[in-house]
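# Have a look at this prediction, sequence included:
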Amino acid sequence: LQQSVLHDAHVIAMETMESLALVHSQVFHNNRKALQIYESMFQNQETEYGIGHLNCANILGKMSVIFIEQHELGKAVKCLERVLECQISHLGREHEDVMNTKLSIAKVKQLASR
């Protein structure tokens, strides 16, 4: 109903989709469905705002968490590297979020090398 009344990237539709993804991941342990929802959200945000928007980065960050849980560390690193690119372009290299993302990438890469 929300998507038929509101456009796909509307904040209310995005919040609902995020809630659905979280429920699928955390309650039903269905990461595949959660990733499908996040991918749809990403496409909507990318279409609305462009690939480098921080909304896109936030979604990619959530997707990386699921990839880590599934031990798909290469996919997690790719998502986090895209997050980092968005953050640097919007926040600058010295921002705390940028530093945290760099640390996350290093940790995931370390896990992958074990």
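Okay, I see it.
# and the gap between Val11 and Glu48?
The gap separating Val11 from Glu48 is 11 Å, by Cβ to Cβ, to the nearest Å. For the C-beta atoms, the positions are set from N, CA and C on the backbone; glycine is no exception.
# who's more crowded, the two?
Glu48 (15 against 9; other Cβ atoms under 10 Å).
# Is that one within a helix or a strand, and which one?
Glu48 belongs to helix 31-49 when assigned by DSSP states H and E.
# can you give me how far that helix is from the chain middle?
8 Å (Cα atoms, centre = their mean, to the nearest Å).
# got the buried residues for that helix?
Judged by neighbour count (16 or more other Cβ atoms under 10 Å), helix 31-49 contains these buried residues: 31, 34-35, 37-38, 41-42, 44-46.
# which helices and strands does whichever helix or strand comes after that helix pack with?
Where DSSP H and E defines the elements, the next helix or strand beyond helix 31-49 is helix 54-69. Counting contacts by 3 or more Cβ pairs under 8 Å, 6 or more residues apart in numbering; DSSP states H and E, helix 54-69 is packed against helix 11-22, helix 31-49, helix 73-91, helix 96-112.
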